[in-house]
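> Quick check, what structure comes out for this input:
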Amino acid sequence: TMVDAPVVGAALKLDSAMTMNTLGLKVKLVDMGKIDDMIPQVAVGLQYKAASGDIIDALAAGNVISSKTGTDFYVAATKFVNIGGKKVVMNGTLRATKANTLGVLGFGGGAAGNDSYKILPEASVGVFAADNIVLGAEVRGKPNNISATAFGIQEGTAYDLFMVYFVNKNMSITTAYANLGQVGPSQAAGIGMAKKQDGFYIQMQVNF
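Numbers count the residues shown, from 1 in each chain. Just a heads-up that it's a prediction; the model follows:
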């Protein structure tokens, strides 16, 4: 994942690119039942994340964030149901995390912030508009670790609207509009930042 923050980079005289690499492990605990029963698929997992970039280095050096790396732990339930003759996939997740802006801005709040794990909800729903097209939405809670720091980043709920096109059983293409909430310092920090950052996303996934 890469995010560009040109206003912050220019103000701090640093390269504006921020990158996050993620390594995940997921284990299925319960198989999903039939489409007309109430048994979801249940899985647990973890994601190790590492944020990098000049801005991240500056935040860590200034003790605004506690770490450039962190690990999320989660439990997720997924279920296919029929609603109005349409197949619908629903997912609910509880995630234990210290991540700032999903990990893009590192982890924990440094000297002035919060450095404890928070358990936050996530939910998504997708409707099969056709056999190979899914339309849906997702919301994710985020901790508010660094709102009390000099950067004053007040985090809110992130959300996205997405479409997945399954080209075949091995390939899919996802497009989405995503709003991550505030990413970067507030106006009070003396750097002109929009209150929310959003953008469009596209991904192609191939499985073998």
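> can you list the weak-confidence ranges in the protein?
Along the chain, segments meeting pLDDT under 70 span 1-2, 4-12, 148-152, 182-197.
> one more time with 50, if that's ok
For the chain, applying pLDDT under 50 flags no range at all.
> Do a quick rundown of the helices in it.
Per DSSP state H, the chain carries helices over the ranges 6-12, 54-61.
> what's the nearest residue to Asn207 if we skip its chain neighbours?
Asn170 (5.2 Å; CB to CB, 6 or more residues apart in numbering). C-beta here means a position set from N, CA and C on the backbone, and glycine is covered the same way.
> Lys87 and Asp36: what is the separation?
12 Å (CB to CB, to the nearest Å).
> And these two? Which one has more around it.
Lys87 (15 against 7; other CB atoms under 10 Å).
> How many neighbouring residues does the closest residue to that one other than its chain neighbours have?
Nearest residue to Lys87, sequence neighbours excluded (CB to CB, 6+ apart): Phe128, at 4.3 Å. By the other CB under 10 Å criterion, the neighbourhood of Phe128 contains 17 residues.
> Verify the stated contact: Phe128 with Lys86.
Yes - using CB atoms under 8 Å, Phe128 is in contact with Lys86, at 6.1 Å.
> what sits against Phe162?
For Phe162, the contacting residues are Gly126, Val134, Leu135, Gly136, Ala137, Glu138, Thr174, Thr175, Ala176, Tyr177, by CB atoms under 8 Å, 6 or more residues apart in numbering.
> what sits against the nearest residue in space to the fourth one that is not next to it in sequence?
Closest residue in space to Gly136, ignoring its immediate chain neighbours: Gly126 at 3.2 Å, by CB to CB, 6+ apart. Gly126 makes contacts with Val88, Val89, Met90, Val134, Leu135, Gly136, Phe162, Val164, as judged by CB under 8 Å, 6+ apart.
> Would you reformat these as JSON lines and include distance to Lys26?
Listed next are these as JSON lines, based on distance: CB to CB, whole Å:
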{"residue": "Val88", "distance to Lys26": "22"}
{"residue": "Val89", "distance to Lys26": "16"}
{"residue": "Met90", "distance to Lys26": "18"}
{"residue": "Val134", "distance to Lys26": "20"}
{"residue": "Leu135", "distance to Lys26": "24"}
{"residue": "Gly136", "distance to Lys26": "20"}
{"residue": "Phe162", "distance to Lys26": "20"}
{"residue": "Val164", "distance to Lys26": "19"}
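> Could you single out the nearest of those to Asp198?
Among the contacts of Gly126, Phe162 lies closest to Asp198 (CB to CB), at 13.4 Å.
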